[in-house]
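Asker: Generate a structure from the sequence data that follows.
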Amino acid sequence: MSEPSQTDHRRSLGILGMVCIGIVGIQAWFGLCLQDDAYISFRYARNAALGDGLVYNAGEPVEGYTNFLWTALFVPVEAMGLDPGPVGALLGMACTVAMLYATWRLGDRKWLAPVLVASFPGLALEGVQGLETCFYAWLVTMALVGGRAWPVFAGLAALTRPEGYAVFGLLWLLRGSKIQTGAIFTGLTVPHLAFRWITYGGLVPNTFHAKVGGGEDTLLGSAVFRGLAYLGSGAWSALPLALGLLAVVVATTRDRKLPDGRRGFEMCVLVGFFFVYILAVGGDFKGTGRFLIPWLPAIACLVQAGLNRLFAARIGVVSAALAGAAVVWSVPGQLEMKDFAERFAEDLDRRRAIGTFLAETLPPDTVLAVHAAGILPYYAGLETIDMWGLNDAHIARAPVDDLGKGIAGHERHDYAYVLTRAPDFILPERGLVTDTPVQLADPPEFGPTFSKHYRAASTPTPVGHLNLWMRIPTE
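Answerer: Prediction:
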């Protein structure tokens, strides 16, 4: 592949700069709209900063996060007494820009691939929700870029998400299985595996059991249909990119020549592998396409390289047309993401206010039971039972009928077990806060004896009436 001229390089770099400014502007437009799960990591980081270790509840060693390195980054943030929400959003914005720069490098410093990645509607929102998605995507893309530091980036990716082990394993095999690169990766990851085993008693996070594990016969088949819908939704939201990929696949099938040579083969292997992985786990419950985001750079670079080969004489016109179509197509998606952001912001404000209210009004030994185990428990600072099992080892392994047919990550439960823990308050997921007092009905999932132990209650708070069930004192 010929080297771009200095003029082409400056033009490409200028376009990359405009793309980065544009996506940061969109993220600023979304405002502070962190997702509930981010505060699970923040709670672990705060407990570590307080000296209790990386735990959700003090004295309960459960690995309810799936992003060790990202969580660890917030331990000093918590130790300094900073609000992790804005810090997480700012870090996410920086990682979004870093990811686009890495995409530019992966695509031989051409501008089309970063434009295609930035036009994916969910990217901007995912970058400011306090999660590790864009950080992990940057690390994976830098591992794909190659060079002497690639095993370091792959190791950091594995420390950020467990899928990073597969990224390294595939690249290591494709790049010659060198002992030196294996030693670098091992040196980075083995200490964490030892920490995980010693602290939590296993080699995979508790979240794996809550979302995937368990061995139910219905899991794989039912989850695949959910995964297909997830991939289809992602393809529709980035239709110009998906059509470009389809064109490259058809052309590759005809002439049996992969775009971008050896590196293109590596990208094809990783994208194919993780598409199968997404199918197997059934996608994700979020509408941002976060499981696809780490692979957008590779997909976009494959499309860019393929179009360069197919339309070498007219590549400027073709690139401009595809980029324009991608940007225009993304506008409705970005408006939808803005609606999502507003709902997330409202939920953040409401749950933060309720958590603060509970922290100020309840004794410190109070035990809560919740479904959404992030924002509210973080601000309440009270022992909390996670009824979806992300942070509870028993519930994460509880057998569930038709696992894979419901909302990903929200299917595990064992309400009889929750009652044996005798929480002082059980909070509903729906109807938690209302403008007027609401008398909650007995939840049927807790069984017919629920009313013997709990009664509905409603109390005014600064953001409305808090509705919950409170345990009836025993005489």
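Asker: going forward, measure contacts and count neighbours with C-alpha atoms only.
Answerer: Will do.
Asker: From the rest of the structure, what touches stretch 382-393?
Answerer: 56-58, 62-65, 206-207, 210, 359, 364-373, 377, 395-396, 409-415, 418, 423 (Cα atoms under 8 Å, 6 or more residues apart in numbering).
Asker: Ok, stretch 230-249 next?
Answerer: Contacts of stretch 230-249 with the rest of the structure, by Cα under 8 Å, 6+ apart, involve 116, 119-121, 278-279, 282-284, 289, 292, 299-300, 302-303, 306-307, 322, 325-326, 329-330, 333.
Asker: before we move on, what about stretch 265-276?
Answerer: Defining contact as Cα under 8 Å, 6+ apart, one finds that stretch 265-276 is touched by Leu144, Val167, Leu170, Leu171, Leu174, Leu258, Pro259, Trp295, Ala298, Ile299, Leu302.
Asker: what do you get if the cut-off is 7 Å, keeping everything else the same?
Answerer: Taking Cα atoms under 7 Å, 6 or more residues apart in numbering as the criterion, the residues outside stretch 265-276 that touch it are Leu171, Leu174, Leu258, Trp295, Ala298.
Asker: Please identify, among the residues you listed, the one with the most neighbours.
Answerer: Neighbour counts for these peak at Ala298, which has 27 neighbours (criterion: other Cα atoms under 10 Å).
Asker: Reduced to three states, what does that residue come out as?
Answerer: Under the three-state scheme (DSSP: H, G, I helix; E, B strand; the rest coil), Ala298 adopts helix.
Asker: quick revisit: so which of the contacts of stretch 382-393 belong to strands?
Answerer: Judged by DSSP state E, the contacts of stretch 382-393 include Val367, Leu368, Ala369, Val370 as members of strands.
Asker: what is the second one paired to in the beta sheet?
Answerer: Which is Leu368. Assessed by DSSP bridges, Leu368 has beta-bridge partners Thr384, Phe425.
Asker: How many residues are close by the closest residue in space to Gly59 that isn't next to it in sequence?
Answerer: With Cα to Cα, 6 or more residues apart in numbering as the measure, Asp52 is the residue that lies nearest to Gly59, at 7.5 Å, once sequence neighbours are left out. Around Asp52 there are 17 other residues, counting by other Cα under 10 Å.
Asker: Repeat that for Phe185.
Answerer: Phe185 has 23 neighbouring residues, counting by other Cα under 10 Å.
Asker: How much space separates it from Arg309?
Answerer: With distances defined as Cα to Cα, to the nearest Å, the gap from Phe185 to Arg309 amounts to 35 Å.
Asker: and what of Ala235?
Answerer: Summarising the geometry, the distance separating Ala235 from Arg309, computed by Cα to Cα, is 23 Å.
Asker: rewinding a little: which ones among the contacts of stretch 230-249 lie within helices?
Answerer: Residues from these lying in helices, with DSSP state H as the criterion: 116, 121, 278-279, 299-300, 302-303, 306-307, 322, 325-326, 329-330, 333.
Asker: and which of those is nearest Phe153?
Answerer: Using Cα to Cα, the shortest approach to Phe153 within these belongs to Ile299, at 19.2 Å.
Asker: Spatially nearest residue to Val327, not counting backbone neighbours?
Answerer: For Val327, the closest residue by Cα to Cα, 6+ apart turns out to be Ser119, at 5.5 Å.
Asker: repeat for His371
Answerer: Once flanking residues are discounted, His371 sits nearest to Met387: 5.0 Å by Cα to Cα, 6+ apart.
Asker: Then Trp197?
Answerer: Closest residue in space to Trp197, ignoring its immediate chain neighbours: Leu203 at 5.8 Å, by Cα to Cα, 6+ apart.
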